[in-house]
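[1] Output the structure for:
(chains A and B)
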2 protein chains.
Amino acid sequence: MYEAKACAVASPTSPFRSVTIERRDPTPHDVQIEILYCGICHSDLHQARNEWSAMPTVYPCVPGHEIVGRVTRVGSAVKDFEAGDLAGVGCLVDSDGTCPECQTHHEQFCPKAVYTYNSPDRHTGKVTYGGYSDSIVVDQRFALRIPANLDLAGVAPLLCAGITTWAPLRRQNVGKGQKVGIVGLGGLGHMGVKFARALGARVAVFTTTPGKAEDALRLGAHEVVISRDAGQMAKQAGSLDMILDTVSAVHDLHPYLACLKRDGNLTLVGAPDQPHGVSAFGLIFGNKSLSGSLIGGIQPTQEMLDFCGEHGITSDVEVIPVQRLDEAYERLLRSDVKYRFSIDMSSLRSA
Amino acid sequence: MYEAKACAVASPTSPFRSVTIERRDPTPHDVQIEILYCGICHSDLHQARNEWSAMPTVYPCVPGHEIVGRVTRVGSAVKDFEAGDLAGVGCLVDSDGTCPECQTHHEQFCPKAVYTYNSPDRHTGKVTYGGYSDSIVVDQRFALRIPANLDLAGVAPLLCAGITTWAPLRRQNVGKGQKVGIVGLGGLGHMGVKFARALGARVAVFTTTPGKAEDALRLGAHEVVISRDAGQMAKQAGSLDMILDTVSAVHDLHPYLACLKRDGNLTLVGAPDQPHGVSAFGLIFGNKSLSGSLIGGIQPTQEMLDFCGEHGITSDVEVIPVQRLDEAYERLLRSDVKYRFSIDMSSLRSA
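    Numbering: from 1, shown residues only, chains lettered A, B, ... in the order given. Model (predicted):
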């Protein structure tokens, strides 16, 4: 074991404090990474504040699953990485590797999946600590290769916000000749716009906020629909092949279902606590479908990163030092960020 | 025009009475059919009693869209039928034939689709009259070929209950090596069981009624799950590729979503007035989807009928004379029929 520096909360209401945590020395299959940037996902806030009854938080809690950095050491059996390489880590750091889910690149559904933070750590017997830290050690199967041409601060959010939006767009075979709607322009939505556009689709952004229109177009949208404007919504009726809905509050899905073509799909990646009301008629007339999608497996995550390298895609980020974590969380609650916070982990040296 | 005999209701609360209606003489593209049997669909009851605010009933109303009979006359341009042939008519009798929906065999979504009853009739300028009648005239594009080896009373319900369940099973590529759940064992559900079994899938019937277990197995189910038994439901968790849900009352979909495998699909063919509550978590964990499906186009209906001919599949019916229509409607409301009423239209001669 060795000591790493990290930012942790000690309780649901505690501010972040610099702490020392133990990381395992790399086993033969492990990659040790010096963390350069870590994105802030809304899940980090939920977990830090113990807001998920199904996954109670173990304190101290070190969140962070949008990790990018440089390899500092590799185990003797590691083939694809060597010291000095860039590497990324997303929401998962382990799985059994043998179950049908793992065998088909859906590690997120492995019954033994280990999340990057607040998950039982099979190596230490304790709990996993995430990326608000200067270092992490992961099995090589969960280390992602990072294209060399991208801004690293903007790469970090790809590891969660990126794959979460990439996976459903790919599952629905989004591409040229199709029209895709993106509902909500936040950390997830802005990545959805970039991906859908780069995949060749025509992109419509649906937002309640007229002030976001200019930015949506800059991000790649072909058009912007103010979802509170019934006239604008009516013009979209029956026109979309797919809608990616990134809103995590309960909202009326029927106006969006009405925008789908026959056989169209609306995929939810946001998960409110309360159920959505879904009229069977809204699905039956047009043979439509409503889906959910949870992050993505390691292979599709690598495909997404490679695609980002080819197309020069990163997340739009506001880089902050760890000293501003508490403030960033408060701003996150107000959606006051365009479009993701990325922590410059070098700031941890002086914390 | 010529006079045909029919059974009609004069108001939402009127009993059925024998009436005379006008049918058009066959145009060059029309097929005239002597109706031998007509199934009773729950939609007939809704329409007869004016229970659909979106489709107000025009009285007198002659329901019936599960029609099978014998061709008595054809227009000069009709190629595929001649007098003496068997023929069927389902929920549709016309569409524009040129729109993208018609061109891709989804006539049910054509903006100019004409339903078999209570729909504006472009030929007469009045309203369409359905199959509770001794005769009907339809455009040849909406006449279906009927395999010669099947019991005609049991064929009639294939034209609606059959295609309604066939289409979603085919859309989900149900076949060998898959496990399919059928929720609800009524007019639709019992057809779903027969089709899923004949397509090669393993079939589980979900019912609230233990008394239906024996019948479900007779119809082709491999197993029966009493959906109110949490232990039996738990055993199905994550095991089904697809669920066809035929229940038209609001019910909790989450126990069924939990039975789906990753990427599994639950398709609704029943449409309650009230929305279902759908938790995004139930879809996100497992990348699952919830769909709707509306009857089916003419080409898939013909494929379904041909499949029924090859596999000897018909609906289980209770044959009644028109004189028992009012009683049949009351029994329909109590689900007191195994599994579809089929009207012997020869009884209309003495009505």
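
[2] okay, CA-based contacts and neighbour counts for the rest of this
    Noted.

[3] Share the number of residues neighbouring A:Glu22, please.
    14 (other Cα atoms under 10 Å in any protein chain shown).

[4] Around chain B, which positions in the stretch 101-250 of chain A sit nearby?
    Neighbours of chain B within the stretch 101-250 of chain A, by Cα under 8 Å from any Cα of the partner chain: A:Phe109.

[5] what about the stretch 101-250 of chain A, any weak spots by pLDDT?
    Nowhere does the stretch 101-250 of chain A drop to pLDDT under 70.

[6] In it, which residue sits nearest chain B?
    The minimum distance from the stretch 101-250 of chain A to chain B, using Cα to the nearest Cα, falls at A:Phe109 (6.9 Å).

[7] Show me what the top helix by length along chain A is packed up against.
    Determined from DSSP state H, the single longest helix within chain A is helix A:298-311. On a contact count with 3 or more Cα pairs under 8 Å, 6 or more residues apart in numbering or on different chains; DSSP states H and E, helix A:298-311 meets strand A:144-145, helix A:161-171.

[8] which other residues reach that helix?
    A:105-107, A:141-142, A:144-150, A:158-159, A:162-163, A:166-167, A:198, A:313-314 (Cα atoms under 8 Å, 6 or more residues apart in numbering or on different chains).

[9] next one: the next helix or strand after it to chain centre, how far?
    For helix A:298-311, the succeeding helix or strand toward the C-terminus, using DSSP states H and E, is strand A:317-320. Its chain's average C-alpha position is 16 Å from that of strand A:317-320, according to Cα atoms, centre = their mean, to the nearest Å.

[10] related to what we said a few turns ago, buried residues in the longest helix of chain A, which are they?
    Across helix A:298-311, burial judged by 16 or more other Cα atoms under 10 Å in any protein chain shown covers A:298-309.

[11] Surely A:Met195 and A:Thr164 touch.
    To be clear, residue A:195 is Phe; Met isn't right here. No. Using Cα atoms under 8 Å, A:Phe195 makes no contact with A:Thr164, being 11.2 Å away.

[12] Could you work out the most separated pair of the buried residues of helix A:298-311?
    A:Ile298 and A:Gly309 (16.6 Å; Cα to Cα).

[13] burial of the residue of the stretch 101-250 of chain A closest to chain B, as a residue count?
    Neighbours around A:Phe109, by other Cα under 10 Å: 21.

[14] Which residue, other than its chain neighbours, is closest to it?
    Spatial nearest neighbour of A:Phe109, excluding adjacent residues (Cα to Cα, 6 or more residues apart in numbering or on different chains): A:Glu101 at 6.1 Å.

[15] can you check A:Val225 too?
    A:Phe206 (4.8 Å).

[16] And the strands in the stretch 1-150 of chain A?
    In the stretch 1-150 of chain A, the strands defined using DSSP state E, counting those that start in this stretch lie at A:2-8, A:17-23, A:30-39, A:67-74, A:86-89, A:92-94, A:114-115, A:135-139, A:144-145.

[17] can you tell me which residues contact A:Pro26?
    The contact partners of A:Pro26, by Cα under 8 Å, 6+ apart, come to A:32, A:73-75, A:137-138.

[18] how about 6 Å then?
    A:Pro26 makes contact with A:Gly75, according to Cα atoms under 6 Å, 6 or more residues apart in numbering or on different chains.

[19] go on, A:Gly200?
    Counted by Cα under 6 Å, 6+ apart, A:Gly200 has contacts A:175-176.

[20] correct me, but A:Leu188 touches A:Cys160?
    No. With contacts counted by Cα atoms under 6 Å, A:Leu188 stays clear of A:Cys160, the gap being 8.8 Å.

[21] And the contacts of the helix or strand harbouring A:Ile243?
    Using DSSP H and E, A:Ile243 falls within strand A:240-245. Identification of contacts with strand A:240-245 by Cα under 6 Å, 6+ apart yields A:179-183, A:259-261, A:264-268.

[22] near chain B, which residues of the stretch 251-351 of chain A show up?
    Neighbours of chain B within the stretch 251-351 of chain A, by Cα under 6 Å from any Cα of the partner chain: A:271, A:275-280, A:283-284, A:287-294.

[23] The residues you listed in strands, which ones?
    Of these, the ones assigned to strands by DSSP state E are A:276-278, A:289-292.

[24] Could you report the neighbour count for the closest residue to A:Val58 other than its chain neighbours?
    Distances taken as Cα to Cα, 6+ apart place A:Asn118 nearest to A:Val58, at 6.3 Å, with adjacent residues excluded. Here the number of neighbours of A:Asn118 (other Cα under 10 Å) works out to 23.

[25] swap in the one 3 residues further on?
    Using other Cα under 10 Å, A:Asp121 has 17 other residues around it.

[26] any idea how far it lies from A:His46?
    20 Å (Cα to Cα, to the nearest Å).

[27] residue ranges for the helices of the stretch 201-350 of chain A, please.
    A:213-219, A:230-235, A:254-257, A:280-284, A:298-311, A:325-333 (DSSP state H, counting those that start in this stretch).

[28] Pull the residues that contact the first one.
    Applying Cα under 6 Å, 6+ apart, the contact partners of helix A:213-219 are A:Val224.

[29] Return the set of buried residues in it.
    Neighbour count says helix A:213-219 has A:213, A:216-217, A:219 buried, by 16+ other Cα under 10 Å.

[30] Then the shortest one?
    By neighbour count with 16+ other Cα under 10 Å, helix A:254-257 contains the buried residues A:255-257.

[31] Same list (these) but as TSV, adding pLDDT.
    Below are the buried residues of helix A:254-257 laid out as TSV (pLDDT from 0 to 100):
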residue	pLDDT
A:Pro255	97
A:Tyr256	98
A:Leu257	98
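
[32] Looking at these, spot the one nearest chain B.
    A:Leu257 (11.2 Å).

[33] Per-residue pLDDT of the residue lying closest to the closest one once chain neighbours are set aside, please?
    Sequence neighbours aside, A:Gly282 is the residue nearest to A:Leu257 in space, at 6.4 Å (criterion: Cα to Cα, 6+ apart). A:Gly282 carries a pLDDT value of 96.

[34] how many neighbours does A:Pro120 have?
    Neighbour tally, A:Pro120, other Cα under 10 Å: 18.

[35] quick one, what contacts it?
    With Cα under 6 Å, 6+ apart, A:Pro120 has these contacts: A:126-127.

[36] again with A:Gly189
    Residues near A:Gly189 by Cα under 6 Å, 6+ apart: A:Thr246.

[37] Equivalent analysis for the one 5 residues further on, please.
    In this structure, A:Lys194 makes contact with A:Gly220, judged by Cα under 6 Å, 6+ apart.
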